[in-house]
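J.: take a look and give me a structure for this.
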Amino acid sequence: MKFLIKKLQKKEIWNRVFLERLTEPIHLNLLSLFYAVFGSYKKKIDYDLILRPHHAYSLLKVAKYAKDNKIETVSLLEFGVASGAGLMNMSQITSELTKSTGVQFKIYGFDTGKGMPPPESYKDHPEYYLEGDFPMNFEALQKNLPKNVELIIGDVRQTLQSFQANIPPNEPIGFISFDLDYYSSTVAAFEILKYKSELYLPLTYLYFDDIELPNHNHACGELLAIKEFNESNELRKIEHHRFLENTRIFRRANWIKHIYFFHVLDHPKRNNLNSKIQKRVLANPYLKFEGNEDLQDVN
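T.: Numbering: from 1, shown residues only. Okay, here's the model as predicted:
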């Protein structure tokens, strides 16, 4: 609560509230006030009432998939921990989701622990980010993290090597937040997307933080890293869901455009050619015959 109050004291937060909420239909904002008081946790997520709604949306989707597919524990990753606010936010959200779904979460945070390294070229957007930006108070953060959250400190090029060897195969990765700012660091972190297919959910949720400022473009930064990854990997693709905003109540929220999906095309779930899903038929309103019902399941 103290963190939220502090956030609300910033002018840019109120600018976002105006642009992303108050420009939406008034009846939706009135409903959100009702659900803020009386709504379930899921309803609060639907109405973007949870701090860092990109986490809340993604983790709810991950929890639902895990529950439906009898996956007991899911792994969540953040690259670029900095002060640790995002990591602690994920921990709070997953605590609530575990209560409602029974799904457990293991959260990993990757960071140098001492701020950003020096930029390597124009591709790292040195006009925005510099060496030493966003340092971490490791002792304070470590002391306040719950047991299911692990900090992995060091150069991501080295730490990912040991992480791959130790990640439990029965705790697939369901969500990854990329907030490393630099192109070079993001490319290094993309090694996380090259593990065995069974170590992910077949559709894994991704969040890219550094893509919305005016100088961000597909020749630099995270956007260039995404472009190059897709060009060099046939069976692993990072893509926007073009219709995601149409599924949300508040469609002007910036976070929606930061969500990407990681398609693991070589995942066993996406290669089952003998699926036992029941056949379906489409209704034809111009014809009359027995069983002419919309999407009726047939044996």
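J.: not counting sequence-adjacent ones, nearest residue to Gly174?
T.: Closest residue in space to Gly174, ignoring its immediate chain neighbours: Val62 at 3.7 Å, by CB to CB, 6 or more residues apart in numbering. C-beta coordinates here come from the backbone N, C-alpha and C atoms, glycine included.
J.: and what of Leu213?
T.: Nearest-residue entry for Leu213: Tyr128, 6.5 Å, with adjacent residues in sequence omitted and distances by CB to CB, 6+ apart.
J.: same deal with Arg252?
T.: Nearest non-adjacent residue to Arg252, counting by CB to CB, 6+ apart: Glu20, 4.9 Å away.
J.: tell me who's in contact with that neighbour.
T.: Listed by CB atoms under 8 Å, 6 or more residues apart in numbering, the contact set of Glu20 reads Phe250, Arg252, Ala253, Asn254.
J.: closest to Phe190 among those residues?
T.: Nearest to Phe190 among the contacts of Glu20, counting by CB to CB, is Asn254 at 23.4 Å.
J.: what's around that closest one, how many residues?
T.: Using other CB atoms under 10 Å, the number of residues around Asn254 comes to 12.
J.: do the one 5 residues further on as well
T.: When counting by other CB under 10 Å, one arrives at 18 neighbours for Ile259.
J.: test my guess that it contacts Phe243.
T.: No - with contacts counted by CB atoms under 8 Å, Ile259 stays clear of Phe243, the gap being 11.9 Å.
J.: distance of Met136 from Leu244?
T.: Noted for Met136: a distance of 31 Å to Leu244, by CB to CB, to the nearest Å.
J.: nope, Tyr35 is what I meant
T.: From Tyr35 over to Leu244 the distance is 21 Å, taken as CB to CB.
J.: do Pro135 as well
T.: Distance of Pro135 to Leu244, given as CB to CB: 34 Å.
J.: tell me the SS of Ile152?
T.: Three-state call for Ile152 (DSSP: H, G, I helix; E, B strand; the rest coil): strand.
J.: list the residues that contact it.
T.: Contacts of Ile152 (CB under 8 Å, 6+ apart): Tyr108, Gly109, Phe110, Asp111, Thr159, Phe163.
J.: I'd say the second one and Asn148 touch.
T.: No - between Gly109 and Asn148 there is no contact under CB under 8 Å: 11.6 Å.
J.: looking at these two, which one has more neighbours?
T.: The neighbour comparison of Gly109 against Asn148 (other CB under 10 Å) goes to Gly109, with 26 against 16.
J.: low-confidence ranges, this protein, go.
T.: 1-14, 18, 276, 294-299 (pLDDT under 70).
J.: try it again with 50
T.: Counting by pLDDT under 50, the chain contains low-confidence ranges at 295-299.
J.: what about the strands in it?
T.: Taking DSSP state E as the test, the strands found in the chain are 73-79, 104-111, 149-153, 173-178, 200-208, 236-239, 259-264, 279-281, 296-298.
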